[in-house]
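K.L.:
Based on what follows, work out the 3D shape:
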Amino acid sequence: MGRVEEGDFSVRVPVHEPNDEIGVLASAFNRMTGRLQEQTGALVAANEQLDTRRAFIEAVLSSVTAGVIALDESGRILLVNRSAQNLLKPEGEEIEGHSLEDVTSELAEFMSGEARDANVVVAAAEGGQRTLAVKRVRYADGSVLTFDDITDQLSDQRRAAWSDIARRIAHEIKNPLTPIQLAAERLQRRYGNEVQSDRDTFERLTGTIVRQVGDLRRMVDEFSNFARMPKPVFRHENVHEIARAALFLHEVAHPGIGFSIEPPSGKIAMVCDRRQLSQALTNVVKNAVEAIEARRNRGETNFEGDRVDLKVRRENDQVIIDVTDTGVGLPQERERLTEPYMTTRVRGTGLGLAIVKKIVEEHLGEIAFLDRNGGGTHVRIAFDADRLESLAEEVPGEPSTPLADDGEYDEEGPL
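P.N.:
Below is the predicted model of the structure:
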C-alpha cells in the first residue's frame, strides 16, 4: 500500500486462492491499480502533449511579426507575444498581467466598441505614432487581439500616389512657364523705356511675373526630383567631407547663424551616392535654418543663440549623422514630417523631407526626428554601413573621392 500511496501503480498482489475472500480482495486491488496505472499513463501523455503544444504555440507567437494579446473578460492581459510587447512598451517593462487600458488606451477603446477589425493609431514605445491593422476574436472567457504594424505600408502607398501626382503636375505646369517668362522679359525690354504714365507699376508687375515664374519653376523641379529620383550610384565616399560641404553652402548664405561640424576621430568612409547624400543633408540643414528663422519671426529667443551643429560618427556597423538646431522645434504630428506635401512652412512645398527619406531608405538607412535638449530639433540619420558595402560599384572614368588614411584626415576646409 505504501508504494501505491507514493504513486507506484505497477504494484500487484499475488493471488493464491482466487475464490477465498483474500483472493477476491487481492484481485480487486490488482484491477484497481491496473486501471489507475492506465489512467495515470494517459494523463501523463496528455500533459506531455499539452506541454509540447504550448511550447509550439509560444515559439510561433514569439517568431511572428504580428502582435498577439490574450485578454480575460475584465480586459486584463493574460498573454502577450514579443512583437506586441516591443511595439507597445520598451523592453523590461512587462505588460502581461496589466489592464489593457493602462497599457494602451487606443486599443482599449477599440475593444470597447463593436467593430471586429479597424485601423487604430497608437502611441509607440519609441515615441511617435504607429498605425495598426487590428482584429479581435471573442471566446467564452475573454478575447484575443491581433494586429499588424502597417505604418510603413501606408506611407509607401501615399508616397507612390503623390509621386504620380507630382509627375503629372510637373508635366502640366512646366510647359507654359518658359513662354510666360520670356513674354514678361520681352515686355520689360521692349516697353520698359516707353511706359511713361505709370512706369513703376509696370516694372513691379512684370518683375512679379518673372519672380513668380522662378518660384513655380523651383516647385516644379522639386516635383520632378521627388517623382523621378535617379537610381543611386553606390561608391566609397568620405561621409564627413560630404556633410562639411553641405553645411558650408548654408554658412555662406546665412552669416547670422553659427554652423559647426565636429571633427571626426578618424576616417569615416561609407558606400553611398555622393550627390544624393549631399542633397539629403542639404535639405536637412535647410530645414534647420528655416526653423531658426521661424523662431526669430515669432520673436522668440534661445539662450544658446542661433546654431546648427552637425556630427558624423562611426558606431559599430553604423554610420550616424546628427543634425541639431535651436529653431522652433518639432510640430505635434512629427511622424508625418516625411510625407509628401506635409509642411509647416508658409512657402514650403512639403517635398524636402520626403526626398530626404526616400534617399535615406534607398541607402538602407533610417531617419528619426527627436527633441533637442534646450529647445530645437535633433535629426538623426543612421546607415547600415556593412550592408551598403555589398552595393558598391565602380564607374569607369569617375574615380571615387580619395580617402585619407586613419589618423591623417585633412581638416582644412571652409568650416
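K.L.:
what pairs with the longest strand along the chain, and is each one parallel or antiparallel?
P.N.:
Using DSSP state E, we find that the single longest strand of the chain is strand 129-139. According to DSSP bridges, the neighbouring strands of strand 129-139, each with its direction, are strand 117-123 (antiparallel), strand 142-149 (antiparallel).
K.L.:
now residue 207: how far from residue 220?
P.N.:
Counting by C-beta to C-beta, to the nearest Å, the separation of residue 207 from residue 220 is 20 Å. C-beta here means a position set from N, CA and C on the backbone, and glycine is covered the same way.
K.L.:
quick one: which of those two has more around it?
P.N.:
residue 220 (20 against 13; other C-beta atoms under 10 Å).
K.L.:
so after whatever helix or strand that one lives in, what's the next helix or strand?
P.N.:
Using DSSP states H and E, residue 220 maps to helix 199-227. Following helix 199-227 in sequence order, the next helix or strand is strand 235-238 (DSSP H and E).
K.L.:
So which elements touch that following strand?
P.N.:
strand 269-272, helix 274-297 (3 or more C-beta pairs under 8 Å, 6 or more residues apart in numbering; DSSP states H and E).
K.L.:
Please put the alpha-carbon coordinates of that strand into CSV.
P.N.:
Extracted C-alpha coordinates of strand 235-238, given in CSV (Å, rounded to 0.1, in the frame of the first residue of the first chain):
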residue,chain,number,x,y,z
ARG,A,235,30.6,54.1,-54.4
HIS,A,236,33.1,54.5,-51.5
GLU,A,237,32.9,58.1,-50.3
ASN,A,238,34.1,60.3,-47.4
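K.L.:
Mind listing the strands it pairs with, and their directions?
P.N.:
strand 269-272 (antiparallel).
K.L.:
State the distance from residue 294 to residue 306.
P.N.:
12 Å.
K.L.:
who has more neighbours, the two?
P.N.:
Higher neighbour count among residue 294 and residue 306: residue 306, with 19 against 16, using other C-beta under 10 Å.
K.L.:
if I pick the more buried one, what's in contact with it?
P.N.:
By C-beta atoms under 8 Å, 6 or more residues apart in numbering, the contact list for residue 306 reads 256-258, 292, 296, 326.
K.L.:
same question, residue 38
P.N.:
With contact set as C-beta under 8 Å, 6+ apart, residue 38 has no partners.
K.L.:
How far off centre is whichever strand or helix holds it?
P.N.:
Taking DSSP H and E as the criterion, residue 38 maps to helix 21-63. When distances are taken as C-alpha atoms, centre = their mean, to the nearest Å, helix 21-63 is centred 51 Å away from the chain's centroid.
K.L.:
for stretch 371-384, same thing?
P.N.:
Per C-alpha atoms, centre = their mean, the centroid offset for stretch 371-384 relative to its chain is 14 Å.
K.L.:
just stretch 267-281 next, same as before
P.N.:
Relative to its parent chain, stretch 267-281 has a centroid offset of 20 Å by C-alpha atoms, centre = their mean.
K.L.:
Tell me the buried residues in that stretch?
P.N.:
267-274, 276-281 (16 or more other C-beta atoms under 10 Å).
K.L.:
between these, which is nearest residue 213?
P.N.:
Using C-beta to C-beta, residue 279 comes nearest to residue 213 of those, at 23.6 Å.
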